[in-house]
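Engineer: model the structure of this input:
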Amino acid sequence: MENRRLYTRRQLGKLALAALPLAAAARVTSKIHGVEIGVAAYSYNTLPREGLLDVILRSMTDSQLGDCLLYAPPTEPVNLADKARPRVRGRGPVDPNRAAALEALRQWHLKVPLSFYTAIRKRFAAAGLEIATYEPSFVWPVMDEDIDKACQVTKALGAKYLAEAFTKSVAKRVAPISDRYGIKVAFQGRPFLVTDPDAMRKPADFEEVFSYSKNFGSSIDTGDATAGGWDVLKFIEDTHDRVFSLNLKDRTKAGVSVPWGEGDAPLREVLQLIRNRKYPVRCYIDCDYATAEGGSRLTDIQRCYEFAKTALA
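Structural biologist: All right, here's what the predicted structure looks like:
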């Protein structure tokens with residue numbers, strides 16, 4: 001994980017203002033020639049948890065990125081998240097000592113009032129920002145009550161989509177619950193990160209899951225899919241009516257995350273395909289490559305945005 005300098009001095013000065021109440025602001029738009037560009041909150045995952053939601057708000061307003069794929073951890077109590085979600089990859093109780101912490105975090109999600117999330121929605125709206133997609137980042141195994149609460153939270157945030165890397169078997173349980181709330185579910189998949197046959201690893205897995213509900217679609221990670229051997233452009237073309245959003249990331253075919261334009265993911269071509277075909281697909285910056293010495297994560301995100309602007313010019 002990132003252990004280099006996280007902010008420049010100038011950025012720290014700006015972020016010090018983030019804890020202050022935000023005045024009403026004009027709607028921020030980051031649509032470029034019809035392509036909606038936003039940022040996945042996971043992009044900020046290497047930054048300190050304390051005050052992270054404030055950092056995200058300020059970063060988005062400074063960069064003029066209008067749409068957030070809100071990843072649940074920045075909204076969680078830091079004391080619970082530190083114990084339940086140490087900064088390692090993976091999901092579920094990989095360490096038995098984390099079991100109690102994970103269950104405590106799960107109970108917090110079940111019990112926290114929806115007013116907590118409407119307050120978050122109002123903070124984003126006051127800054128002129130939108131939360132179009134919510135990613136619950138569930139504590140696994142996922143129970144029906146967890147899914148139900150996540151649907152309620154999605155609506156409380158004013159989001160249109162719930163995005164998650166559900167397995168195929170869990171997707172069958174999600175369908176009747178999300179349909180009851182009228183929630184569109186964007187499946188993220190795990191093209192190369194896991195070997196579980198129940199995981200969403202191949203295009204055929206998505207086609208199967210789409211049959212479970214008319215409200216099911218995809219939100220694949222372009223970097224993960226590239227490392228998994230997918231033809232990303234073909235998948236988008238073939239299923240464009242079910243592609244709700246994309247997590248834009250660059251990886252090598254060996255699975256290494258790199259700055260945009262340095263890997264094998266066809267980011268430029270993907271953006272231009274969506275522009276040219278006028279697909280209504282939201283494109284989220286998913287920045288998780290290692291920050292260069294002397295750099296900052298906030299600058300990395302801005303560079304990704306500049307890449308998208310150039311690709312769509």
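Engineer: going by C-alpha atoms from here, please, whenever you check contacts or count neighbours.
Structural biologist: Fine.
Engineer: name the element residue 147 belongs to?
Structural biologist: For residue 147, the element it lies in under DSSP states H and E is helix 144-156.
Engineer: with just CA atoms, put that helix into PDB.
Structural biologist: Written as PDB, here are the backbone C-alpha positions of helix 144-156 (Å, rounded to 0.1, in the frame of the first residue of the first chain):
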ATOM      1  CA  ASP A 144     -30.500 -11.200   2.600                       C
ATOM      2  CA  GLU A 145     -30.800  -8.500   5.300                       C
ATOM      3  CA  ASP A 146     -27.500  -7.000   4.200                       C
ATOM      4  CA  ILE A 147     -28.700  -6.800   0.600                       C
ATOM      5  CA  ASP A 148     -32.000  -5.300   1.700                       C
ATOM      6  CA  LYS A 149     -30.300  -2.600   3.800                       C
ATOM      7  CA  ALA A 150     -27.800  -1.800   0.900                       C
ATOM      8  CA  CYS A 151     -30.800  -1.200  -1.400                       C
ATOM      9  CA  GLN A 152     -32.300   1.200   1.200                       C
ATOM     10  CA  VAL A 153     -29.000   3.000   1.500                       C
ATOM     11  CA  THR A 154     -28.700   3.300  -2.300                       C
ATOM     12  CA  LYS A 155     -32.000   5.100  -2.400                       C
ATOM     13  CA  ALA A 156     -31.200   7.200   0.600                       C
END
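Engineer: return the set of buried residues in it.
Structural biologist: Neighbour counts over helix 144-156 (16 or more other CA atoms under 10 Å) mark 146-156 as buried.
Engineer: next one: stretch 263-270
Structural biologist: For stretch 263-270, by 16+ other CA under 10 Å, it's 263-268, 270.
Engineer: any idea how far apart the tips of it sit?
Structural biologist: 14 Å (CA to CA, to the nearest Å).
Engineer: next one: that stretch to chain centre, how far?
Structural biologist: Centroid separation between stretch 263-270 and its chain, computed with CA atoms, centre = their mean, to the nearest Å, is 19 Å.
Engineer: which residues does it contact?
Structural biologist: Stretch 263-270 is contacted from outside by 222-223, 226, 232-233, 248-253, 257, 260-261, 308, 311, using CA atoms under 8 Å, 6 or more residues apart in numbering.
Engineer: circling back to that earlier point, restricting the selection to alpha carbons, write the helix or strand just after the helix holding residue 147 to CSV.
Structural biologist: Next helix or strand after helix 144-156 toward the C-terminus (DSSP H and E): strand 161-164. Once non-C-alpha atoms are left out, strand 161-164 reads as follows in CSV (Å, rounded to 0.1, in the frame of the first residue of the first chain):
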residue,chain,number,x,y,z
TYR,A,161,-27.1,2.0,-9.2
LEU,A,162,-25.8,-0.5,-6.6
ALA,A,163,-22.5,-1.9,-7.7
GLU,A,164,-20.9,-5.0,-6.1
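Engineer: quick one: list the elements packing against strand 161-164.
Structural biologist: In terms of contacts (3 or more CA pairs under 8 Å, 6 or more residues apart in numbering; DSSP states H and E), strand 161-164 is packed against strand 130-135, helix 144-156, strand 184-187.
Engineer: mind putting these into CSV with distance to residue 195?
Structural biologist: Converted to CSV, those look like this (distance: least, CA to CA, whole Å):
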stretch, distance to residue 195
strand 130-135, 22
helix 144-156, 24
strand 184-187, 17
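Engineer: now do the end-to-end distance for stretch 272-288.
Structural biologist: Stretch 272-288: ends 22 Å apart by CA to CA.
Engineer: what mean pLDDT does it get?
Structural biologist: Mean pLDDT, stretch 272-288: 97.
Engineer: quick one: distance of that stretch to the chain centre.
Structural biologist: From the chain centre to the centre of stretch 272-288 is a distance of 14 Å (CA atoms, centre = their mean).
Engineer: I'd like to know which of the contacts of stretch 263-270 is nearest to residue 117.
Structural biologist: For the contacts of stretch 263-270, the closest approach to residue 117 (CA to CA) belongs to residue 248, at 26.0 Å.
Engineer: what about the helices in this structure?
Structural biologist: 9-15, 52-63, 78-84, 99-111, 114-126, 144-156, 168-181, 203-210, 222-227, 232-238, 267-277, 297-312 (DSSP state H).
Engineer: format those helices as CSV; extra columns: distance to residue 197.
Structural biologist: As requested, those are exported to CSV (distance: least, CA to CA, whole Å):
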stretch, distance to residue 197
helix 9-15, 43
helix 52-63, 35
helix 78-84, 26
helix 99-111, 25
helix 114-126, 35
helix 144-156, 22
helix 168-181, 9
helix 203-210, 10
helix 222-227, 16
helix 232-238, 20
helix 267-277, 28
helix 297-312, 33
